[in-house]
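Visitor: everything below, folded, please.
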Amino acid sequence: QVQLVESGGGLVQAGGSLRLSCAASGRTFSNYARGWFRQAPGKEREFVATINWNGGSSYYADSVKGRFTISRDNAKNTVYLQMNSLEPEDTAVYYCAAQSVYRAVALSTISNQYEYWGQGLQVTVSS
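Guide: So this is what the prediction gives:
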């Protein structure tokens, strides 16, 4: 059974930092793109960041560009999201995801192009 398990969320003050982790089990994702999405209360799930299979390229939503960094450790089957300069608008449930296209060339911001999902992790930024 494939599982993606997020950790590292919580409550932080505006301007602070958090590092999210997403560990995969049941399948190796070293050849597949990984991503992070988030969903704020009353809003649709939105793309945050994605990274290709070997970590050589990444892409970010404009709202987090320059503040968030996605990275991966294929030896640990884990993807990370370093979040700096957090703002109250970043408050959401954060989901990690993984694609099932082998070494996909194009990075995707579309949620339905990710087959595997974590259970979600609350991040709350207080003002």
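Visitor: find the centremost residue of the protein, please.
Guide: In the chain, the centroid-proximal residue (C-alpha atoms, centre = their mean) is residue 36; its distance is 2.2 Å.
Visitor: residues contacting that one?
Guide: Taking C-beta atoms under 8 Å, 6 or more residues apart in numbering, we find residue 36 in contact with 20, 22, 48-50, 70, 79, 81, 94-97. Every residue, glycine included, has its C-beta placed from N, CA and C.
Visitor: for it, which non-adjacent residue is spatially closest?
Guide: Leaving aside its chain neighbours, residue 36 sits nearest to residue 48 (4.2 Å; criterion: C-beta to C-beta, 6 or more residues apart in numbering).
Visitor: tell me which residues touch the one you found, please.
Guide: So residue 48 contacts 35-38, 60-61, 64, 68, 81, 94 (C-beta under 8 Å, 6+ apart).
Visitor: how far away from the center of its chain is the helix or strand harbouring it?
Guide: Assessed by DSSP states H and E, residue 48 sits inside strand 46-51. Its chain's C-alpha centre and that of strand 46-51 lie 6 Å apart, by C-alpha atoms, centre = their mean, to the nearest Å.
Visitor: then stretch 101-109?
Guide: A distance of 15 Å separates the C-alpha centroid of stretch 101-109 from that of its chain, computed with C-alpha atoms, centre = their mean.
Visitor: contacts for that stretch next, please.
Guide: 31-33, 35, 47, 50-53, 57-59, 61, 99, 113-114.
Visitor: do that again at 6 Å, thanks
Guide: 31, 33, 47, 50, 53, 59 (C-beta atoms under 6 Å, 6 or more residues apart in numbering).
Visitor: of those, buried ones?
Guide: The neighbour-count criterion (16 or more other C-beta atoms under 10 Å) marks 33, 47, 50, 53, 59 among those as buried.
Visitor: what's the farthest-apart pair in these?
Guide: 47 and 53 (17.9 Å; C-beta to C-beta).
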